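# Test case, fold it:
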Amino acid sequence: MTYKIKISEEAKLDLEDAYQWYESQINQLGSEFIRVVDKNLASIQKNPFAYPIIYNNVRRKLLPRFPYGLFYIIQENLIFVFACFHVKRDPQQWKRRL
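Numbers count the residues shown, from 1 in each chain. Now for the predicted structure:
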């Protein structure tokens, strides 16, 4: 089955905020963060069931090198990414998006 990825507007803002923060720390680090996100989205798309369920039907793919996770739900042939959160953040913040 081929899965399509949809990224919520809130998750896009999460990604933009993280990109801006990393870019402000070291030149091109924000770009590296986005490359890692893109690579991991491709991994999720290939095998969305490979990553653990952490709450109800929410799965999380942890990003290598960066302390972030991609939070998503699988609905038929759609992977809905609703958050990209720092793993030390309060989990209630991403749960409110459900």
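
# so residue 83 touches residue 97, yeah?
Yes - Residue 83 is within contact range of residue 97, at 5.8 Å (criterion: CB atoms under 8 Å). C-beta: built from backbone N, CA, C; applies to glycine.

# Could you pull out the strands in this structure for me?
For the chain, the strands defined by DSSP state E cover 4-7, 53-55, 58-62, 68-75, 78-86.

# Those strands: which one's closest to residue 14?
Smallest distance to residue 14 across the strands of the chain (CB to CB): 4.1 Å, for strand 78-86.

# Specify the angle between the closest one and strand 68-75 in degrees.
Interaxial angle, strand 78-86 versus strand 68-75 (axes from the mean of the first three to the mean of the last three CA atoms, to 10 degrees): 160 degrees.

# From the contact counts, what lies against the lowest-mean-pLDDT helix or strand in the chain?
When each helix and strand of the chain is scored by mean pLDDT, DSSP states H and E, helix 91-95 comes last, with a mean of 87. Counting contacts by 3 or more CB pairs under 8 Å, 6 or more residues apart in numbering; DSSP states H and E, helix 91-95 packs against strand 78-86.

# Show me what the strand it packs on packs onto, helices and strands only.
On a contact count with 3+ CB pairs under 8 Å, 6+ apart, strand 78-86 meets strand 4-7, helix 9-25, helix 29-46, strand 68-75, helix 91-95.

# Find the nearest non-adjacent residue to the most centrally placed residue in the chain, please.
Nearest to the geometric centre of the chain sits residue 70, at 2.1 Å (CA atoms, centre = their mean). With sequence-adjacent residues excluded and distances taken as CB to CB, 6 or more residues apart in numbering, residue 70 is closest to residue 61, at 4.6 Å.

# With that, I have no additional questions.
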